[in-house]
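Undergrad: Coordinates for the following, if possible.
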Amino acid sequence: MSFLEKEILQQPKVVENLFRSEVNHIASICDHIRGNFRYIVIAARGTSDNAARYAQYLFGSHNKLQVALATPSLYTIYNTPPDLSGALLIGISQSGISPDIISVLENGRKNGFPTVAITNYPNSPLGEMADFVIPIHAGLEKSVAATKTYTSSLAALAMLSSILSENQKIIDQIQVLPQAMEETIQAAKNVLSNVQRYRYIDRCSVLGRGFNYSTAFEISLKVKELTGVIAEAYSTADFRHGPIATVESGSPVIIVAPSGPVMNEMAELVSQLNTIGAELIIISDNKKLLDKGVIKFHIPHLLPEWLTPLTHVIPGQLFALQLTLEKKLNVDKPEGLTKVTETY
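TA: Okay, here's the model as predicted:
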């Protein structure tokens, strides 16, 4: 078994351990920062940037907070950092060593803004720079493609948002995640043999919206970095504004469609894509929608939509893993990539 497969399978336990280890610590952080900021700015790159996209919907929905993504080049290349008065700065980095992410928190701390680091290495330069650190407890991740560090970063953000909100109902909803993730893994395994159908593809689209806008980007990243396939991620709204013209009969399109407010729009788009003749790979808990797909990744555990990015990304990870095997590529060491990337 590859390191990547092992790490995908470890995700339910990693998230369970994170909850158990950090719930009281995150509650303490929330006590310190609550009321001390008006909006959030997140510095991240790569997979962590996709976690930041999730945070935009998460904190906006639960905490009524605007979340912006930082522009690290303004700090490291142009040396013209913007005025972020009133912001809470969050840095997300699995390794905690990327200089541009660190520079955003360094500037914020210098100016007296509260700073939080979410990282797998709390003693890293990023962790040492922040006022508060949330370790994601993922353990050593050996595969270049990040999986368990991604979902544990999502879980850390979900905990921070829900505890900050002081809404016990949404805090309690998090507790079912490890079970839901395990059920998703087991269900997805039964579908993977069908992935051989796409052995020779060189491009595809990945669509999501709302909380799973982030999921579309993360799945497309996994497909790109593992297989070299040009996988383009879109919000379904943006997709309708032009990129849908690239879809023709036989074009593979991955659809991320949980139950919730986005479902009706997703169902309409699926019907439109069926009419074109697209090959639909659907990730959903909705059986009626799944019936319209060529490959059907059924999510067996019904979660509130705000938590579905932690389950719906898993079939995408497994799809990318299986497609890599079908293309006879190195699963753990994709060509041209390294585990840790330092950007300035």
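Undergrad: Okay, buried residues for the helix or strand of the chain with the lowest mean pLDDT please.
TA: Lowest on mean pLDDT, DSSP states H and E among the helices and strands of the chain sits helix 236-240, with a mean of 91. Within helix 236-240, the residues scored as buried using 16 or more other Cβ atoms under 10 Å are 236, 239. Where C-beta positions appear, they are placed from N, C-alpha and C, glycine not excepted.
Undergrad: helices or strands up against that helix?
TA: Under the contact criterion of 3 or more Cβ pairs under 8 Å, 6 or more residues apart in numbering; DSSP states H and E, helix 236-240 touches strand 203-208, helix 263-276.
Undergrad: Show me which positions of the shortest one end up buried.
TA: The neighbour-count check on strand 203-208 (16+ other Cβ under 10 Å) flags 204, 205, 206, 207, 208 as buried.
Undergrad: returning to that earlier point: tell me which of the helices and strands packed on helix 236-240 approaches residue 118 most closely.
TA: strand 203-208 (21.9 Å; Cβ to Cβ).
Undergrad: what angle do that closest one and helix 263-276 make?
TA: With axes from the mean of the first three to the mean of the last three Cα atoms, to 10 degrees applied, the angle from strand 203-208 to helix 263-276 works out at 160 degrees.
Undergrad: same question for strand 203-208, mean pLDDT?
TA: Regarding strand 203-208, the rounded mean pLDDT is 97.
Undergrad: Show me how far whatever helix or strand comes next after that strand is from its chain's centre.
TA: Later in the chain than strand 203-208, the nearest helix or strand by DSSP states H and E is helix 213-227. Relative to its parent chain, helix 213-227 has a centroid offset of 9 Å by Cα atoms, centre = their mean, to the nearest Å.
Undergrad: what packs against helix 213-227?
TA: The elements that helix 213-227 packs onto, with contact taken as 3+ Cβ pairs under 8 Å, 6+ apart, are helix 47-63, strand 203-208, strand 230-235, strand 252-257, helix 309-326.
Undergrad: Quick check: which of the ones you listed is nearest to residue 6?
TA: Of the helices and strands packed on helix 213-227, nearest to residue 6 by Cβ to Cβ is helix 309-326, at 10.8 Å.
Undergrad: which residues make contact with the longest helix anywhere in the chain from outside it?
TA: Ranked by residue count and defined by DSSP state H, the top helix of the chain is helix 11-33. With contacts defined as Cβ atoms under 8 Å, 6 or more residues apart in numbering, helix 11-33 is touched by 88, 114, 116, 132, 134-139, 147-148, 151-152, 155-156, 159-160, 163-164, 174-175, 177-179, 181-182, 185, 310, 314.
Undergrad: are any of those buried, and which?
TA: Among the contacts of helix 11-33, those classed as buried by 16+ other Cβ under 10 Å are 88, 114, 116, 132, 134-138, 147-148, 151-152, 155-156, 159-160, 163-164, 174, 177-178, 181-182, 185, 310, 314.
Undergrad: who wins for proximity to residue 266 among the helices and strands packed on helix 213-227?
TA: When these are compared by Cβ to Cβ, strand 252-257 sits nearest residue 266, at 4.0 Å.
Undergrad: Which strands or helices does the closest one pack on?
TA: Applying 3+ Cβ pairs under 8 Å, 6+ apart, we find strand 252-257 packed against strand 203-208, helix 213-227, helix 263-276, strand 279-284, helix 309-326.
Undergrad: What angle do helix 263-276 and it make with each other?
TA: For strand 252-257 against helix 263-276, the angle by the same axes, to 10 degrees is 160 degrees.
Undergrad: Would you list the strands that strand 252-257 pairs with, along with their directions?
TA: Strand partners for strand 252-257, identified by DSSP bridges, are recorded as strand 203-208 (parallel), strand 279-284 (parallel).
Undergrad: re the thing from before, distance to residue 298 for the helices and strands packed on strand 252-257 - can I get that in a markdown table?
TA: What follows is the helices and strands packed on strand 252-257, written out as a markdown table (distance: least, Cβ to Cβ, whole Å):
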| stretch | distance to residue 298 |
| --- | --- |
| strand 203-208 | 17 |
| helix 213-227 | 16 |
| helix 263-276 | 15 |
| strand 279-284 | 7 |
| helix 309-326 | 9 |
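Undergrad: Return the member of the buried residues of strand 203-208 nearest to residue 196.
TA: residue 204 (15.1 Å).
Undergrad: Who are the contact partners of residue 113?
TA: Residue 113 neighbours (Cβ under 8 Å, 6+ apart): 37, 84, 85, 87, 88, 89.
Undergrad: So residue 66 is in contact with residue 41, correct?
TA: No. The criterion here is Cβ atoms under 8 Å, and residue 66 misses it with residue 41 at 9.5 Å.
Undergrad: More neighbours: which of those two?
TA: Neighbour count, other Cβ atoms under 10 Å: between residue 66 and residue 41, residue 41 has more, with 24 against 13.
Undergrad: which of the contacts of residue 113 are buried?
TA: 37, 84, 87, 88, 89.
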